[in-house]
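[1] Model the following, please.
(one chain, ligands or ions: 1)
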Amino acid sequence: MMTYLKKVKRKLVALRDRAKVRSEAMRAFRYDREQFMSNAGALHLDRKSAARAEIVMGYHVLEKGLTMPRRRLGFGKGAVVHLVNLVESFERRFGAGDSQVRHAVGVLRAYRDLHRNWPEPMPRLDAFLAERPDVPAAKEPHVSRAEFFAARDAPFPLFAASRHVVRHFAGPVPRDTIESAVALAITAPSACNRQYARVHALDDPILRDRLFAAQGGTRGFGSDADKVLVVTADLSSVRWGWERHDCYVNGGIFVMNLCYALHYFGVAHCILHWSVSPETDRAVHGFLGIPSNEAIVQVIACGMPPDEFDVAASPRLSATDVLAWHGGGK
Ligand SMILES: Cc1cc2nc3c(=O)[nH]c(=O)nc-3n(C[C@H](O)[C@H](O)[C@H](O)COP(=O)(O)O)c2cc1C
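    Residues are numbered from 1 along each chain as shown. Okay, the predicted model is just below:
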């Protein structure tokens, strides 16, 4: 009798928990949608941070162009004009002096310097730069492999500062190096130690090209990548509705650890977004054979680096831009 009652009680608790998760998830996703619609930069470009983000994306395109393998002069003409317009509009509304906007001007000057012998005139860009003579050309580091990995065994501040994505790949990465990097990356923390992350390693150029065609962020360098890591997070490890972001939070922490591990093992790698439509996400799950309970979090292109290569400067905000104290302590 007791066992029967216990079984009924367990079933009732399970039913109650399922109802709770369903209701939490409905409320949580509604809240996410409202928060997104009210704040996403793309819908609120009048805000300073949104306008700055658009400029950073604009200079990033040109920085990538400046540091790409097999760079061809004359690239990004439309991107240049777009960025000039964005900077002028930003300065009109919010004033000059923002460090990221100044870097955009520096990137435009580096672009112009590179094109000093280009036959087509660039009057719009020249006039824009002439009005901002105090901003020097941005420097995109050109490094040897030894220089780039010199801080592999250095204390953490030097090691962390030396990591950058690399879009130059010149050779195969041994499978056991990837295995060592993943073994190191699993030291990443996760909520309740649930260890959501999984890694699907592609070692096949046909799958790589199909994935990159769907992803869309590897033009000019993707076909040089030797291995591709698709980091996923197991939705089955999510327990409650309020944990709806857990795959991406825990997966993201794992990705960062994996990038440090790849850097430690001397593997050039470039993190790639997974901002794709539901149709693309479903199709990629299908052709890679990734089970539907694994949410794709990020993709990482890997290869061994050439002897010398360019790295995009990608300057950071300062800690004072990022850190906000709440409270009166010291
Ligand atoms: C979530 C995420 C998505 C990214 N997506 C791409 C991408 O699709 N293509 C690409 O070339 N770089 C991509 N990157 C690399 C960033 O451009 C790069 O990390 C950033 O500019 C900072 O430079 P750093 O990593 O060299 O310090 C991505 C990085 C992150 C973290």
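
[2] In the stretch 201-330 of the chain, which residue sits closest to the ligand?
    Residue nearest to the ligand within the stretch 201-330 of the chain (C-beta to the nearest ligand atom): G217, separated by 2.3 Å. Every residue, glycine included, has its C-beta placed from N, CA and C.

[3] Tally up the residues packed near the closest residue to that residue other than its chain neighbours, please.
    Excluding the flanking residues, the one nearest G217 by C-beta to C-beta, 6 or more residues apart in numbering is L272, at 5.1 Å. Neighbour count for L272, taken as other C-beta atoms under 10 Å: 22.

[4] same thing with the one 3 residues further on?
    Applying the criterion other C-beta under 10 Å, we find 9 residues in the vicinity of S275.

[5] Now do the same for it: helix, strand or coil?
    coil (DSSP: H, G, I helix; E, B strand; the rest coil).

[6] okay, it: pLDDT?
    With respect to pLDDT, S275 scores 97.

[7] Run through the residues that contact it.
    S275 makes no contacts at all, as judged by C-beta atoms under 8 Å, 6 or more residues apart in numbering.

[8] measure it to W240 for me?
    According to C-beta to C-beta, to the nearest Å, S275 stands 26 Å off from W240.

[9] Check whether the residue of the stretch 201-330 of the chain closest to the ligand really touches I271, as I assumed.
    No: with contact defined as C-beta atoms under 8 Å, G217 does not count as touching I271 (9.4 Å).

[10] Give me the neighbour count for A233.
    28.

[11] give me phi/psi at it?
    Backbone torsions of A233, given as degrees, to the nearest 10, read phi -130, psi 140.

[12] And the one 5 residues further on, by the same measure?
    When read as degrees, to the nearest 10, the backbone of V238 gives phi -80, psi 130.

[13] show me what contacts it?
    In this structure, V238 makes contact with 196, 244, 246-247, judged by C-beta under 8 Å, 6+ apart.

[14] Could you pull out the buried residues of stretch 263-270?
    Residues 263-265, 267-270 are the ones in stretch 263-270 that count as buried (16 or more other C-beta atoms under 10 Å).

[15] got the residues you listed as JSON lines, with pLDDT and distance to F149 columns?
    Formatted as JSON lines, the buried residues of stretch 263-270 follow (pLDDT from 0 to 100; distance: C-beta to C-beta, whole Å):
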{"residue": "H263", "pLDDT": "98", "distance to F149": "8"}
{"residue": "Y264", "pLDDT": "98", "distance to F149": "9"}
{"residue": "F265", "pLDDT": "98", "distance to F149": "9"}
{"residue": "V267", "pLDDT": "98", "distance to F149": "10"}
{"residue": "A268", "pLDDT": "98", "distance to F149": "9"}
{"residue": "H269", "pLDDT": "98", "distance to F149": "12"}
{"residue": "C270", "pLDDT": "98", "distance to F149": "16"}
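
[16] What segments of the stretch 151-300 of the chain are strands?
    With strands called from DSSP state E, counting those that start in this stretch, the stretch 151-300 of the chain shows them at 197-202, 227-234, 268-272, 294-303.

[17] Which of these sits closest to D113?
    Among these, strand 268-272 comes nearest to D113, with 25.4 Å by C-beta to C-beta.

[18] Show me what the closest one is packed against.
    helix 246-264, strand 294-303 (3 or more C-beta pairs under 8 Å, 6 or more residues apart in numbering; DSSP states H and E).

[19] Burial-wise, tell me which of the ones you listed comes out on top.
    For these, the largest average neighbour count (mean count of other C-beta atoms under 10 Å) is found in strand 294-303, namely a mean of 23.

[20] Can you report how many residues neighbour the closest residue to the ligand within the stretch 51-200 of the chain?
    Residue nearest to the ligand within the stretch 51-200 of the chain: H164 (3.2 Å; C-beta to the nearest ligand atom). For H164, the neighbour count with other C-beta under 10 Å is 18.

[21] Repeat that for R112.
    When neighbours are counted by other C-beta under 10 Å, R112 comes out with 17.

[22] How about the helix or strand hosting it and the ligand, touching?
    Element membership for R112, per DSSP states H and E: helix 99-114. No: Helix 99-114 stays clear of the ligand (C-beta under 6 Å from any ligand atom), getting no nearer than 11.7 Å.

[23] Can you get me the start-to-end distance on stretch 282-300?
    19 Å (C-alpha to C-alpha, to the nearest Å).

[24] And stretch 309-319, by the same measure?
    Span of stretch 309-319 from end to end, C-alpha to C-alpha: 29 Å.

[25] What average pLDDT does that stretch get?
    Here the average pLDDT along stretch 309-319 is 96.
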